[in-house]
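Asker: Okay, here's the prediction I keep looking at, along with the sequence it came from:
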Amino acid sequence: MNIRPNKILPQIIALLAVILVFGFLTYNAQVNMDNRGIEFGFGFLTQESSFDVQFSLIDYDGSHSYARAYLVGLLNTLLVAFIGIILSTILGVIVGIARLSPNYLIERTAAWYVEFFRNIPLLLQIFFWYFAALRALPLPQDTEPMFGVFFLTIKGLFVPRFVWENLDIFFYSIIAAIISIIVIRNYARKLQENEGKQLPVFYISIGLFIILPLLTFLVGGVSLNFSIPELEQMSNTSFKYKGGLGIPPELIALTLALGLYTATFIAECVRAGIQGISKGQKEAAASIGLTPNQILKLVIMPQALRIIIPPTTNQYLNLTKNSSLAAAIAYPDLVLIFAGTALMQTGRAIEIVSITMLTYLSISLSISVLMNWYNKKIAIKEK
Amino acid sequence: MFKLIKQLTSLAAVVAVLFAFTTESMAAKKSKTLKNTQKKGFVRCGVSQGLPGFSNADAAGNWTGVDVDVCRAVAAAVLGDANKVKFTPLSAKERFTALTSGEIDILSRNTTWTLSRDADIGLTFVGVNFYDGQGFMVRKNSGYSSVNDFKNGISACTNLGTTTELNMRDFFNSKGISYEPVTFEKADEVVAAYDAGRCDTYTTDKSGLAAQRIKLSAPDDHIVLPETISKEPLGPVVRQGDSVWEDIVRWSLNVMIEAEEYGVNSANADSMKTSDNPAVKRLVGAEGELGAAFGLDNEWSLRIIKQVGNYGESYKRNIADTGILPDRGPNELWTKGGILYVPPAR
């Protein structure tokens, strides 16, 4: 590398300027806070939060600390982001491929879906799914169960809960299945490269994945029961469910809105990726005798993914950040619990908003790093 | 090299501009707020996003309510015209930040006076303009007739970031009842969710329940349970550190209450100048030099009474006549069985 002072100097000065500006802003904030009698500090994090939260993945109530409340919010945000990303990816891939379908009806439906959902502001869609669905859903006492065990009501979706015994053994069996599948795959690849033989890897994998965990039920002492939700009357018109697992309507509305909205963008990424591969690739693959499935799997997708991944990463990041709109419909995410209630109760605006911003930044950067790693993995490796 | 110099100069310019913007804000003067208000020509007042009786805007954008009247009283005292107020609607979440950051100068937004708010976050409460308490609203046909009927698993809708949220926990915990809190940022969404049936009960200050009930699709199908589970003294708030401004807001409110006590109202204020009672004469500026202490003229209190009215007039106009809470309850004068008692203006 050729280092010349007139190239480095401006960069050093720019860096100094950035530090100076930030330092000055911090100083200015401090002076103004001093003037107004506001103290700065993170001591409040260990104080008792004294507010409860509707929905939490970990054990929490108001006797825990603000730090714990922060963790509750963070996990709830991650939950929405996780479900939303999976939902939007599945839907996005299906719709993206459907947009290229030769079937006119399928192609048009997919196109309408994309144009409709991506052109309405997300907040409106969240309100729609929440309030429209709330109004449309029946009260608990009027609900007809689906398949006898699912109850979709205005107070949420109530599903049977798994009651496991020896769950750890079951987990180990799944891990064992995954490891053996990886080993067999590697062996099969070697076999194909060295001797040209092909093993039915797919069927073997499926078989392993089903049989190993099943075995634990027979010999490992694993058992599974269901706790089915039961309607319980609290007063003349108030009902609730006992047992089972309750999924709050806020979570359903939010993931649905985020998933449907983001899926439209992912669908466009997928379409662009597939269309970006020249027709010649497909024809060449067909001419050497590959089946349509093999063409998609071995020729089109590996190349298309390179085009699809970078813009899709953006969409994942957007989805995660958009999940902060949860506050509008009472889903207790990071913004609602921490930058909402906790901020209000403590009045520590600067501290809490900076923590919240840093948290979103870290989540986004983690997703970004993960996707960049995947992108590198599938990039063309010149041999 | 020439390019470098160009970059440097533009950078220096940016830094210089930043400094120029911020140095002025550091200079602390005595009652900066009063000076700024008189310079601007209006009082900057933070109110709710729509709570009938307290602060609510009509279709034409005119604000009314007892909280609004506090700001109008200050405008009448300081600027001579009760209409010279700029109202900023704020959510519960935004209100304190708006005040401490200097976006508004008075927060008059049904805000509960608590120790931690007063002492901790750069705010000062100046008084109480409404004594409230938290209650519960339920459906009439639900069979709940008292909070003692509540059972495990009840879901309760409320506003986030309010004392309501904390009281609710204290209340349910003391009763040993598990509950599901559903908290929204805006009151309208709380009402919509409760109305749809998402929650079994809606809890907030009783005055708020009475006011929000009007927004429900069938107000008559809902009742407010008799119990009050907390003390909620609501009052105006100012920034810490400007004691002159603090006094002006405090005494603008006190004058309204004292005027009712002495029977001075918007209609008879002028004629009271010749009253035999020196306390009344002081109140309408015919005796003493009360305004001088704030740097105001002597008719400041007369203007408040003439333009805004006394507390009783404000209550009647905004809360009683609108059907929200016809009964004044604790918000009656101490001489008539209530707890409104203010220090004497002398």
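Answerer: On my side now, so go ahead.
Asker: where does the nearest residue to B:W245 once chain neighbours are set aside fall, helix, sheet strand or coil?
Answerer: Excluding the flanking residues, the one nearest B:W245 by C-beta to C-beta, 6 or more residues apart in numbering or on different chains is B:T33, at 4.1 Å. Using the backbone N, CA and C atoms, a C-beta is placed for each residue, glycine as well. Following DSSP: H, G, I helix; E, B strand; the rest coil, the label given to B:T33 is helix.
Asker: Quickly note the distance from B:T33 to chain A.
Answerer: Applying C-beta to the nearest C-beta, to the nearest Å, the value for B:T33 to chain A is 12 Å.
Asker: roughly how far apart are A:T346 and A:Q47?
Answerer: According to C-beta to C-beta, to the nearest Å, A:T346 stands 8 Å off from A:Q47.
Asker: neighbour count winner among these two?
Answerer: Neighbour count, other C-beta atoms under 10 Å in any protein chain shown: between A:T346 and A:Q47, A:T346 has more, with 19 against 13.
Asker: Let me know whether that one touches A:Y66 as I believe.
Answerer: Yes. Taking C-beta atoms under 8 Å as the definition, A:T346 is a contact partner of A:Y66 at 7.0 Å.
Asker: Now do the shared contacts for those two.
Answerer: A:F44, A:Q47 (C-beta atoms under 8 Å, 6 or more residues apart in numbering or on different chains).
Asker: ok, how many other residues are close to A:S354?
Answerer: By other C-beta under 10 Å, neighbour count at A:S354 equals 12.
Asker: Give the helix, strand or coil label for it.
Answerer: helix.
Asker: Could you tell me which residues make contact with it?
Answerer: A:S354 neighbours (C-beta under 8 Å, 6+ apart): none.
Asker: B:G133 too?
Answerer: Applying C-beta under 8 Å, 6+ apart, the residues contacting B:G133 are B:D205, B:K206, B:T228, B:I229, B:S230, B:K231, B:E232.
Asker: on that earlier part again, find residues that contact each of A:T346 and A:Q47.
Answerer: Taking C-beta under 8 Å, 6+ apart as the contact rule, A:T346 and A:Q47 both touch A:Y66.
Asker: immediately after the longest helix along chain A, which helix or strand?
Answerer: The longest helix of chain A (DSSP state H) is helix A:66-98. Per DSSP states H and E, the first helix or strand lying C-terminal to helix A:66-98 is helix A:104-118.
Asker: hmm, back to that, residues touching the residue nearest to B:W245, list them.
Answerer: Applying C-beta under 8 Å, 6+ apart, the residues contacting B:T33 are B:D105, B:V238, B:R239, B:D242, B:V244, B:W245.
Asker: Inside helices: which ones of those residues?
Answerer: B:V244, B:W245.
Asker: Going by distance to chain A, which of the contacts of B:T33 wins?
Answerer: Closest to chain A out of the contacts of B:T33 is B:R239 (6.2 Å), distances taken as C-beta to the nearest C-beta.
Asker: Just the pLDDT for the closest one.
Answerer: B:R239 is assigned a predicted lDDT (pLDDT) of 92.
Asker: go on, the one 4 residues further on?
Answerer: The predicted structure scores B:S243 at 89 on the pLDDT scale.
Asker: what's the neighbour count on the residue of the stretch 201-346 of chain B found nearest chain A?
Answerer: Residue of the stretch 201-346 of chain B nearest chain A, by C-beta to the nearest C-beta: B:Q240 (4.5 Å). For B:Q240, the count of nearby residues is 19 (other C-beta under 10 Å).
Asker: So A:I210 lies in a strand, does it not?
Answerer: No. Going by three-state DSSP, the assignment for A:I210 is helix, not a strand.
Asker: So it versus A:G41, what's the distance?
Answerer: From A:I210 to A:G41 the distance is 55 Å (C-beta to C-beta).
Asker: Compare these two (neighbour count), which wins?
Answerer: Higher neighbour count among A:I210 and A:G41: A:I210, with 11 against 8, using other C-beta under 10 Å.
Asker: Look up how far A:L224 lies from that one.
Answerer: A:I210 is 15 Å from A:L224, by C-beta to C-beta.
Asker: so B:M168 makes contact with B:A156?
Answerer: Yes. Counting by C-beta under 8 Å, B:A156 is a contact partner of B:M168 at 6.2 Å.
Asker: Quick check: neighbours shared by those two?
Answerer: With C-beta under 8 Å, 6+ apart, B:M168 and B:A156 have common neighbours B:Y179, B:P181, B:T203.
Asker: what about the helix or strand in which A:N28 is found and chain B, any contact?
Answerer: Taking DSSP H and E as the criterion, the element that holds A:N28 is helix A:5-35. Yes. Helix A:5-35 reaches chain B (C-beta under 8 Å from any C-beta of the partner chain) through A:6, A:9-10, A:13-14, A:17, A:20-21, A:24, A:28, A:31-33, A:35.
Asker: Chain B: strands as residue ranges?
Answerer: B:43-47, B:56-57, B:63-64, B:85-89, B:106-107, B:123-125, B:130-132, B:134-139, B:154-159, B:179-184, B:201-205, B:222-224, B:232-234, B:237-239 (DSSP state E).
Asker: right, so of the ones you listed, which gets closest to A:F171?
Answerer: strand B:179-184 (30.9 Å; C-beta to C-beta).
Asker: Tell me the helices and strands packed up against that closest one.
Answerer: strand B:154-159, helix B:163-175, helix B:187-196 (3 or more C-beta pairs under 8 Å, 6 or more residues apart in numbering or on different chains; DSSP states H and E).
Asker: For the last one, which residues meet the burial criterion?
Answerer: The one in question is helix B:187-196. For helix B:187-196, a neighbour-count test (16 or more other C-beta atoms under 10 Å in any protein chain shown) marks B:A187, B:E189, B:V190, B:V191, B:A192, B:A193, B:Y194, B:D195, B:A196 as buried.
Asker: and residue 313, how many neighbours does it have?
Answerer: I went with chain A, as the question did not name one. Neighbours around A:T313, by other C-beta under 10 Å: 19.
Asker: Chain B was what I was after
Answerer: Neighbours around B:E313, by other C-beta under 10 Å: 18.
Asker: residues contacting the residue lying closest to it once chain neighbours are set aside?
Answerer: In this structure, B:E313 finds its nearest non-sequential neighbour in B:N265, 5.7 Å apart by C-beta to C-beta, 6+ apart. For B:N265, the contacting residues are B:A259, B:I305, B:G309, B:N310, B:G312, B:E313, by C-beta under 8 Å, 6+ apart.
Asker: 10 Å instead?
Answerer: Taking C-beta atoms under 10 Å, 6 or more residues apart in numbering or on different chains as the contact definition, B:N265 lies against B:A259, B:M272, B:I305, B:K306, B:G309, B:N310, B:G312, B:E313.
Asker: likewise B:I319?
Answerer: So B:I319 contacts B:52-54, B:65-66, B:130, B:207, B:210-211, B:325-328, B:331 (C-beta under 10 Å, 6+ apart).
Asker: Does B:G312 touch B:D321 like I think?
Answerer: No. Under the criterion of C-beta atoms under 10 Å, B:G312 makes no contact with B:D321, lying 11.9 Å away.
Asker: related to what we said a few turns ago, which one of the contacts of B:G133 is nearest to B:K175?
Answerer: Of those, the one sitting nearest to B:K175 (C-beta to C-beta) turns out to be B:I229, at 9.8 Å.
Asker: quick one: the closest one and B:D132 touch, right?
Answerer: No. Using C-beta under 10 Å, B:I229 makes no contact with B:D132, being 11.6 Å away.
Asker: Sketch out the low-pLDDT regions of chain B for me.
Answerer: Low-confidence segments of chain B (pLDDT under 70): B:1-30.
Asker: Show me it divided up by domain.
Answerer: For chain B, automatic domain parsing gives the domain ranges B:32-131+B:234-335, B:134-230.
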